[in-house]
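Participant: give me a model of this one.
(chains A and B)
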Amino acid sequence: AQSVTQLGSHVSVSEGALVLLRCNYSSSVPPYLFWYVQYPNQGLQLLLKYTSAATLVKGINGFEAEFKKSETSFHLTKPSAHMSDAAEYFCAVRRAAGNKLTFGGGTRVLVKP
Amino acid sequence: NAGVTQTPKFRILKIGQSMTLQCTQDMNHNYMYWYRQDPGMGLKLIYYSVGAGITDKGEVPNGYNVSRSTTEDFPLRLELAAPSQTSVYFCASSPSRSGITNQNTGELFFGEGSRLTVL
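Facilitator: Residues are numbered from 1 along each chain as shown, chains lettered A, B, ... in the order given. Alright, predicted model coming up:
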């Protein structure tokens, strides 16, 4: 079985500062990993995904994430936060050959002007 | 440009009532999912379907039923509503990987959600 742990249910950053959201996974087989974003009163949308190719994955809106097998991590970063980044972010995992995603508990990002 | 459409957006039920959450997608995706979202708990998979006529249980199926008679539609039925079913429900769909019919791409396309309150 796979599982995902997101450290920190809330993160507050200043506009222009680094955004770092932490995600650790547990999987007995090589995983696929995903980051999704949810804006208020909307469904989730895909930010980026790791599918066993390059370990550094670039996504939309300037976000990127690095897969580190030794640390079982897939942390999400953005060099400079923008007010529009205020949202909830979810890390998710699935088996490479699977069809079901398992989501973490989410991290809500607040951006201060 | 509809994507995944869920109805209703809001509903209040009394304990013991039944209802159906509707979900339809116009992207011809084989895979469809129902999740529930509770604060701080992320999303939990209720049921999913890999194609018309095929459904399977997720993590939290108790109290729910689904059917998939067409590729487009995947309704979620709540029988005998309970306060524990108060939640936001999301339907999602996913396309098959190119050339691989029994696996999806991993990208889920979500509806806007249905907020259900059971009193």
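
Participant: and the helix or strand bottoming out on mean pLDDT in chain B, how far from the chain's centre?
Facilitator: When each helix and strand of chain B is scored by mean pLDDT, DSSP states H and E, strand B:100-104 comes last, with a mean of 77. On the basis of CA atoms, centre = their mean, to the nearest Å, strand B:100-104 sits 20 Å off its chain's mean C-alpha point.

Participant: and the helix or strand harbouring A:Thr77, is it in reach of chain B?
Facilitator: Taking DSSP states H and E as the definition, one finds A:Thr77 inside strand A:73-78. No - using CB under 8 Å from any CB of the partner chain, strand A:73-78 stays clear of chain B, with a minimum separation of 13.4 Å. (Each C-beta comes from the backbone N, C-alpha and C, glycine too.)

Participant: ok, now stretch A:33-51?
Facilitator: Yes - remark: stretch A:33-51 sits within contact range of chain B at A:Phe34, A:Tyr36, A:Asn41, A:Gln42, A:Gly43, A:Leu44, A:Gln45, A:Leu46, A:Lys49, A:Thr51, by CB under 8 Å from any CB.

Participant: which members of these are the farthest-apart pair?
Facilitator: For the residues of stretch A:33-51 next to chain B, the farthest-apart pair by CB to CB is A:Asn41 and A:Thr51; their separation is 29.9 Å.

Participant: so these two - more neighbours on which side?
Facilitator: Taking other CB atoms under 10 Å in any protein chain shown, A:Asn41 and A:Thr51 do not tie; A:Thr51 has more neighbours (16 against 10).

Participant: what about whichever residue of chain B sits closest to chain A, distance to A:Thr107?
Facilitator: Residue of chain B nearest chain A, by CB to the nearest CB: B:Phe110 (3.0 Å). Plainly put, B:Phe110 is 18 Å away from A:Thr107 if you go by CB to CB, to the nearest Å.

Participant: also A:Ala81?
Facilitator: Distance of A:Ala81 to A:Thr107, computed by CB to CB: 13 Å.

Participant: likewise for B:Gly99?
Facilitator: B:Gly99 is 35 Å from A:Thr107, where distance means CB to CB.

Participant: kindly report the same for B:Phe109.
Facilitator: B:Phe109 is 22 Å from A:Thr107, where distance means CB to CB.

Participant: so which bits of chain B are right by chain A?
Facilitator: B:4, B:31, B:33, B:35, B:40-45, B:48, B:50, B:58, B:90, B:92, B:94, B:103-104, B:106-108, B:110-113.

Participant: let's see that with 7 Å instead.
Facilitator: Contacts of chain B with chain A, taken as CB under 7 Å from any CB of the partner chain, map to B:31, B:40-43, B:45, B:48, B:50, B:58, B:90, B:103-104, B:106-108, B:110-113.

Participant: what's the neighbour count on the nearest residue to B:Pro95 once chain neighbours are set aside?
Facilitator: Spatial nearest neighbour of B:Pro95, chain neighbours left out: B:His29 (4.9 Å); criterion: CB to CB, 6 or more residues apart in numbering or on different chains. B:His29 has 21 neighbours, counted by other CB under 10 Å.

Participant: please apply the same query to A:Val29.
Facilitator: 9.

Participant: quick one: the strands in chain A?
Facilitator: Along chain A, counting by DSSP state E, strands occupy A:3-7, A:10-14, A:19-26, A:31-38, A:44-50, A:56-58, A:64-68, A:73-78, A:87-95, A:102-103, A:107-112.
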